[in-house]
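[1] when you get a sec, could you give me coordinates for this:
(one chain, ligands or ions: 2)
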Amino acid sequence: MATLIIKDLHAEVEGKEILKGVNLTLNGGETHAIMGPNGTGKSTLASVIMGHPRFTVTKGSITLDGENVLEMETDERARAGLFLAMQSPAEVPGVTNSDFIKTAMNARLKDDEKLSLFKFIRAYDKAVQELKMNEDLPHRYLNEGFSGGEKKRNEILQMKMLKPKIAILDEIDSGLDIDALKIVGENVTSMKGNDLGLLLITHYQRLLDYIHAEHVHVMMKGQIVRSGGVELMQKIDDQGYDWLKEELGIDDERVLHEEEERIILGSCATKEALEKK
Ligand SMILES: Nc1ncnc2c1ncn2[C@@H]1O[C@H](COP(=O)(O)OP(=O)(O)OP(=O)(O)O)[C@@H](O)[C@H]1O
Ligand SMILES: [Mg+2]
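    Ligands and ions are numbered 1, 2, ... in the order given. Next up is the predicted model:
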């Protein structure tokens, strides 16, 4: 059973602190949901756990079964059993969907092990069917021209094939029609067990109708400000966040304000323009 422990995690982008002391423990067999208004650091937390190079961790720790995750490269984190289904999966022209997953699976094997092509194809076809995806998918380039919903199902296809120990699903429900949400929910639920710790990032209680979570956390200002059970999510679904902000004495729940965002985004654009020269 895997255990992911996040302690007092601080991280910044372009010198601006986005995560301001996140604490979270996620064990195999548990499902936690993180919710919170837009721009409060949820996706940043997911990116930092996976080691996105844009973010710098300035304080705190992340360990997986006692191993220091922050010292690992992104591919090592994936090999160690961490998985992220992204809020907006990238399109990768030139790499077919099945090649991508095959490469990821091969990368996780030890030097003397070999992925059986026969077993791979059988498992892949089964997963495509269980997710009710189009059968031309294996031959198409990764996410290229995929509809929003197809991209989300494709993230779950990767999860089914890679069988992570800890999976973070960032807004897996966004863009899914109600039938697709049911299919994705059933597929994720069927993977539940002591070998999987799940972290769901979502805005809506509806996702939990399909994937049950025992723990609910609310993020504001780059921190987890309240934790509870499903009743916490239910209350927010009914009443919004104002009551909680009032209780906590928070006026503005976002991490950055418009002015700061403009400066960061502006400097990124300038940097990219300079790098192109
Ligand atoms: N690469 C980046 N460059 C500049 N700013 C960033 C970057 N990544 C995140 N931020 C800023 O950090 C803040 C938190 O963003 P994040 O994506 O973590 O929010 P979120 O809680 O996931 O919001 P949402 O619910 O809208 O998905 C935002 O103000 C965002 O603009
Ligand atoms: Mg987000």
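
[2] can you map out the helices along the stretch 151-277 of the chain?
    With DSSP state H, counting those that start in this stretch as the criterion, the stretch 151-277 of the chain has helices at 178-191, 206-210, 230-239, 242-248, 258-276.

[3] average model confidence for the last one?
    For helix 258-276, mean pLDDT is 61.

[4] who touches the closest residue to ligand 2 within the stretch 51-200 of the chain in this structure?
    At 4.8 Å from ligand 2, residue 87 is the closest residue in the stretch 51-200 of the chain, using Cβ to the ion. No exception for glycine: its C-beta is placed from N, CA and C like everyone else's. Taking Cβ atoms under 8 Å, 6 or more residues apart in numbering, we find residue 87 in contact with 43, 46, 170, 171, 174, 201.

[5] tell me the spatial nearest neighbour of it, not counting adjacent residues.
    residue 170 (4.2 Å; Cβ to Cβ, 6 or more residues apart in numbering).

[6] got JSON lines for the contacts of residue 87, with neighbour count too?
    Formatted as JSON lines, the contacts of residue 87 follow (neighbours: other Cβ atoms under 10 Å):
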{"residue": "43", "neighbour count": "20"}
{"residue": "46", "neighbour count": "21"}
{"residue": "170", "neighbour count": "22"}
{"residue": "171", "neighbour count": "21"}
{"residue": "174", "neighbour count": "17"}
{"residue": "201", "neighbour count": "26"}
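
[7] isn't residue 175 right up against residue 148?
    Yes - here residue 175 reaches residue 148: they are 3.5 Å apart, a contact under Cβ atoms under 8 Å.

[8] neighbour count for those two, which is higher?
    residue 175 (16 against 13; other Cβ atoms under 10 Å).

[9] now do the phi/psi pair for the more buried one.
    phi 80, psi 0 (degrees, to the nearest 10).

[10] what residue ranges in the stretch 151-277 of the chain are flagged as low confidence?
    Residues of the stretch 151-277 of the chain meeting the criterion pLDDT under 70: 258-259, 261-277.

[11] next, give phi and psi for residue 212.
    Here is the backbone geometry of residue 212 (degrees, to the nearest 10): phi -70, psi 140.

[12] how many other residues sit next to it?
    By other Cβ under 10 Å, 14 other residues sit near residue 212.

[13] quick one, what contacts residue 250?
    220, 221, 225.

[14] show me the contacts for the residue in the stretch 51-200 of the chain that ligand 1 sits nearest to.
    The minimum distance from the stretch 51-200 of the chain to ligand 1, using Cβ to the nearest ligand atom, falls at residue 54 (4.7 Å). Listed by Cβ under 8 Å, 6+ apart, the contact partners of residue 54 are 13, 47.

[15] residues of the stretch 1-150 of the chain that sit close to ligand 1?
    13, 18, 36, 38, 39, 40, 41, 42, 43, 44, 54, 87 (Cβ under 6 Å from any ligand atom).

[16] reformat these as a markdown table; add secondary structure and distance to residue 245.
    Below are these laid out as a markdown table (DSSP: H, G, I helix; E, B strand; the rest coil; distance: Cβ to Cβ, whole Å):
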| residue | secondary structure | distance to residue 245 |
| --- | --- | --- |
| 13 | strand | 24 |
| 18 | strand | 19 |
| 36 | coil | 11 |
| 38 | coil | 14 |
| 39 | coil | 14 |
| 40 | coil | 11 |
| 41 | coil | 16 |
| 42 | helix | 16 |
| 43 | helix | 21 |
| 44 | helix | 20 |
| 54 | coil | 29 |
| 87 | coil | 23 |
